[in-house]
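Undergrad: All I have is the shape, not the residue letters:
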Ligand SMILES: Nc1ncnc2c1ncn2[C@@H]1O[C@H](COP(=O)(O)OP(=O)(O)OP(=O)(O)O)[C@@H](O)[C@H]1O
Ligand SMILES: [Mg+2]
């Protein structure tokens, strides 16, 4: 497996080279098992570790109205570790990251960063720079330098600039040079190329890039400031499996401190040395990856549920659990320490999780007739002429649930936009049957929550409901896990997962018999993904969806359509069968040949 490694070049710039390394996931788990157990126990007994602290929080607390997100947060983040931040949708993960980065102030307490350290952030919103050019987006990573560049360029571009402004431009030019600004563009270009974003993309607008390419540019932006601490909020959204593996390898090779929010268990297990759990209005750090945290907390929950069990029996189970995890332990020194810690173990410290399942159910208002959907010769190109999809031809039958797949996520986004009527195709036709009512969950939902229609949640949802009664809407929101005062919060402040829960509510209220879902699991926590997966399986109508979640795709789809620039591969089979099919591989090779011919 390939692992990118960072080598410092200038004070604000890292260069990436590629080197060989062992398979991470397995090695990671086996190698770290003893460490995980030891440190899990340490986290309960506050055994102090000696690593140098990069960042610490002192009595941090935040509440919105009556709702306390977290309180009395006292944490230390040490050099070289990778912290995975977990918690339910709306628990406060993004908010906590914003407090760490100084974007918002806590109500109580403070955050201390070691003097001289730099921090960079990749935010949960991957669509924030859509109208900016790729290279500029990277340079924005060094904000001060970028602002100077914009100001001096504006003066140069102004034919009526005064002498005073001319002097100002000269000063700015000096400052810019001292910061290394003259090399900035070529540095940014090299960084992008090293991250695999080819030169032909550097002058394109961000909106023209695929999800995976965008994340790479945003990572380049974060690295451009040469951070000692890298904060990443759900970086794997919009990424395909290959790019997720790339990112895991990249983070594993990153020498400085990483704090990353994610709902992706596989990813967390690959990259994290520590788990930061937000629950019960508290934030706690446990050493170890997600699986270790999960197994431990499950065990604790089951032991607590069984109140009659004697402490002695619980201790025995805990010992067995630790032995199971440390089967491969080789470091006897750590094993001895673990035993000491175990002697003092107080199981009552750990509470079962408060995570909940929303009620998701899609109920069609009418049975579909025999005509469902006929797509004929559909084609679309990008603004620069590159083909997104061409000659797409298929007829959909009753009961079919199609998974759309393909290498180019921009092509899939565009295909959904065309099917839903949001955008026009260049050629071809789409005919939905007379009885078909369709609704669409777009990948990008910012427009629905933009500040200009900043309604309270209850009024936001009322817009989409035939039944306007307060009790009804409140009941509906309650089942989607918004209760009490929460129904009065502004729609613009909702967390990523809460926005998706609202978009799903909007669809549920419309009762369509045909669903178009573009990456519906993005931003959702595991409980919501499970609820959504069940709802999609149980839905009686038709559906076209795309998801990077293998389990969901495999349990829902009974037909798979792969989009290529040169036509489609249409397979009436489950996703697992499609992945294994030799016939599909042959068709793909033929299509590739005809593209290259
Ligand atoms: N200005 C605000 N006023 C009221 N509530 C707010 C405000 N800002 C955020 N919230 C609420 O705080 C909670 C935490 O939001 P945050 O975005 O940190 O959640 P999260 O853990 O990142 O969730 P997700 O996994 O969905 O991204 C949410 O319920 C959100 O609606
Ligand atoms: Mg968030």
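TA: Perfect, I can see it now. Predicted model only: the values in this text are computed from it and were never measured. Ligands and ions are numbered 1, 2, ... in the order given.

Undergrad: So which bits of this protein are right by ligand 2?
TA: Neighbours of ligand 2 within the chain, by CB under 5 Å from the ion: 93-94, 124, 495-496. Using the backbone N, CA and C atoms, a C-beta is placed for each residue, glycine as well.

Undergrad: Farthest from the middle of the chain: give me that residue.
TA: residue 163 (49.1 Å; CA atoms, centre = their mean).

Undergrad: In JSON lines, list the residues of the chain next to ligand 2 along with distance to residue 78 and secondary structure.
TA: Converted to JSON lines, the residues of the chain next to ligand 2 look like this (distance: CB to CB, whole Å; DSSP: H, G, I helix; E, B strand; the rest coil):
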{"residue": "93", "distance to residue 78": "20", "secondary structure": "helix"}
{"residue": "94", "distance to residue 78": "23", "secondary structure": "helix"}
{"residue": "124", "distance to residue 78": "25", "secondary structure": "coil"}
{"residue": "495", "distance to residue 78": "28", "secondary structure": "coil"}
{"residue": "496", "distance to residue 78": "28", "secondary structure": "helix"}
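
Undergrad: Go ahead and list the helix or strand containing residue 105.
TA: Under the criterion DSSP states H and E, no helix or strand holds residue 105.

Undergrad: what about the residue of the chain found nearest ligand 1, how many residues close to it?
TA: Here the residue of the chain nearest ligand 1 is residue 497; by CB to the nearest ligand atom that distance is 2.7 Å. Here the number of neighbours of residue 497 (other CB atoms under 10 Å) works out to 26.

Undergrad: So it lies in a helix, does it not?
TA: Yes. With DSSP: H, G, I helix; E, B strand; the rest coil as the criterion, residue 497 is part of a helix.

Undergrad: so it sits right up against residue 525, yeah?
TA: Yes. The criterion here is CB atoms under 8 Å, and residue 497 meets it with residue 525 at 5.8 Å.

Undergrad: Which neighbours do these two have in common?
TA: Common neighbours of residue 497 and residue 525 (criterion: CB atoms under 8 Å, 6 or more residues apart in numbering): 88-89, 263.

Undergrad: Highest neighbour count among the residues you listed?
TA: Among those, the one with the most neighbours (other CB under 10 Å) is residue 263, at 26 neighbours.

Undergrad: show me what contacts that residue?
TA: Residues counted as contacts of residue 263 (CB under 8 Å, 6+ apart) are 86, 234, 497, 523-526, 529.

Undergrad: what does stretch 70-78 contact?
TA: Residues contacting stretch 70-78 (CB under 8 Å, 6+ apart): 49, 51-63, 83, 92, 96, 108-109, 229, 257, 259, 276, 278, 281-283, 285.

Undergrad: From the recorded domain assignment, give the ranges for the chain.
TA: 1-118+228-355, 373-452+500-596 (automatic domain parsing).

Undergrad: Under the pLDDT cut-off, which ranges of this protein? List them.
TA: Scanning the chain for pLDDT under 70 picks out 1-51, 307-308, 318, 321-352, 451-453, 595-597.

Undergrad: Which residues of it lie near ligand 1?
TA: Taking CB under 6 Å from any ligand atom as the contact definition, the chain meets ligand 1 at 64, 69, 87, 89-95, 124, 489, 493-498, 523, 525.

Undergrad: Selection in ChimeraX covering whichever of the residues you listed are buried, please.
TA: One line in ChimeraX is enough to select the buried members of the residues of the chain next to ligand 1, burial here meaning 16 or more other CB atoms under 10 Å:
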select :69,87,89,90,91,92,93,94,95,124,489,494,495,496,497,498,523,525
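
Undergrad: Leaving out chain neighbours, which residue sits closest to residue 138?
TA: Sequence neighbours aside, residue 188 is the residue nearest to residue 138 in space, at 4.2 Å (criterion: CB to CB, 6 or more residues apart in numbering).

Undergrad: Before I go, just wanted to say thanks for your time.
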